[in-house]
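Asker: Compute the structure for the input listed below.
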Amino acid sequence: MSDVFWVSAFLDTDEERAPAVERFWSGVTGSLLSSRRGRRDEFVTLLPPDGDAFLKAQTVGQSPPGGLHLDLHTRDTNGLAARAEQLGASASYNDQGYVVLGSPGGMTFCIVSHAAAHRPVPVPWPGGRSLVDQVCLDIPPSRFDAELAFWRDLTGWQQVKAADDSEFARLERGDGLPLQLLLQRLDDEQSVVTAHLDLACDDRDAEVARHRDLGASVVRRTEGWTTLRDPSGRAYCVTGRPL
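Answerer: Predicted coordinates for the structure are as follows:
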C-alpha cells in the first residue's frame, strides 16, 4: 500500500507573469482562486467546483517557462522523506511540516501532510468535459531508467507496461487520487528532469479552441495530443484520453 494519499501540482511562475498564469488556469479548470497565503503571499490554490484542490500556483523569484513541481501528501512526512533519500533524492529544506527534495534527476518535489481525499469530477464545457489528470515528467535519456525506478519505488504505484519501443512509462495512481504520473524519455539530453501538465477531454478540438480563446498558443498536434503554451510560455498537453 502506498504512503502517498494525495498529489498536488504547483505552477511555479515569476512575479511578472504570475497573475496571467493564475487567471488562465482558473479559466481552463473552472476553478476559483483562493486567498493568497505564505510569508510573501506567494501561494494561491485553484479551488475546483467539486472535490478537493490539487492544482496550486506559487510566485517565485525566477522561473523559466514551464516551472512545475509536485507535492506528495502523506501522514508521515519525515518517514517518506527518509525513504526518498534512501532511493537517491536530495533534501534541501525541512520545516513547518513539509520537506523540499530533488529527485535523482533534479526534479523538485515536496512531501507534505495537508489533508485531501475527494477527487474532483471532470468539468463540463460546451463541446464536452475536461480535467487536468496527469503530470508528465520529461526525462533526458541518460536518466530515464533511474528516474522511473525512483518514482515507482517512492510512490508504490504500479507501472503500466508499455511497448518496447515506447518512450513512455505510466505509473497508475491509487484509487481516488487526482493525478497520475507519465514518464517520457526525451530524444535529447537536458540538465535536469522537468514536468508538464496533461488534460484529458471528450473533444480535443473543442477543448483546444477553448484554451486558445483563454490565451493559449498551439505548438504542435499529434495523433494523440496537442501541445500548447500558456501565457507564460509553459508547455502542456490536451490529450484524447478518456476521462
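
Asker: Would you mind putting the CA coordinates of the longest strand along the chain into PDB?
Answerer: Determined from DSSP state E, the single longest strand within the chain is strand 128-139. What follows is strand 128-139, C-alpha atoms only, in PDB (Å, rounded to 0.1, in the frame of the first residue of the first chain):
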ATOM      1  CA  GLY A 128     -17.500  18.200 -23.700                       C
ATOM      2  CA  ARG A 129     -15.800  17.800 -20.400                       C
ATOM      3  CA  SER A 130     -12.100  18.100 -19.400                       C
ATOM      4  CA  LEU A 131      -9.900  17.600 -16.400                       C
ATOM      5  CA  VAL A 132      -6.200  18.000 -15.500                       C
ATOM      6  CA  ASP A 133      -5.400  14.500 -14.500                       C
ATOM      7  CA  GLN A 134      -1.800  13.800 -15.300                       C
ATOM      8  CA  VAL A 135       1.800  15.100 -14.700                       C
ATOM      9  CA  CYS A 136       4.300  14.100 -17.400                       C
ATOM     10  CA  LEU A 137       7.900  14.000 -16.300                       C
ATOM     11  CA  ASP A 138      10.200  15.000 -19.200                       C
ATOM     12  CA  ILE A 139      13.400  13.000 -18.600                       C
END
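
Asker: Mind telling me what element residue 169 is part of?
Answerer: Per DSSP states H and E: residue 169 is located in strand 168-172.

Asker: Next, the distance between the ends of stretch 219-235.
Answerer: 8 Å (Cα to Cα, to the nearest Å).

Asker: which of the residues in it are buried?
Answerer: Buried residues in stretch 219-235, defined by neighbour count with 16 or more other Cβ atoms under 10 Å: 225-232, 234-235. C-betas here are computed from N, CA, C, even on glycine.

Asker: same question, stretch 97-105
Answerer: Residues of stretch 97-105 classed as buried: 98-105 (neighbour count, 16+ other Cβ under 10 Å).

Asker: For that stretch, give the mean pLDDT please.
Answerer: What stretch 97-105 shows for mean pLDDT is 93.

Asker: what residues does that stretch touch?
Answerer: With Cβ atoms under 8 Å, 6 or more residues apart in numbering as the test, stretch 97-105 has contacts from 71, 77-78, 81, 84-85, 87-94, 108-113, 139-140, 143, 146-147, 150-151, 192-193.

Asker: just to revisit the earlier point, can you list the residues that contact the following helix or strand past the strand holding residue 169?
Answerer: Heading C-terminal from strand 168-172, the first helix or strand you meet, by DSSP H and E, is strand 180-185. Applying Cβ under 8 Å, 6+ apart, the external contacts of strand 180-185 come out as 133-139, 141, 144, 147-148, 151, 155, 157, 167-173, 198.

Asker: where in this protein is pLDDT low?
Answerer: Applying pLDDT under 70 to the chain flags residues 1, 63-66, 162-165.

Asker: and if we set it to 80?
Answerer: Scanning the chain for pLDDT under 80 picks out 1-2, 62-66, 95-97, 161-165.
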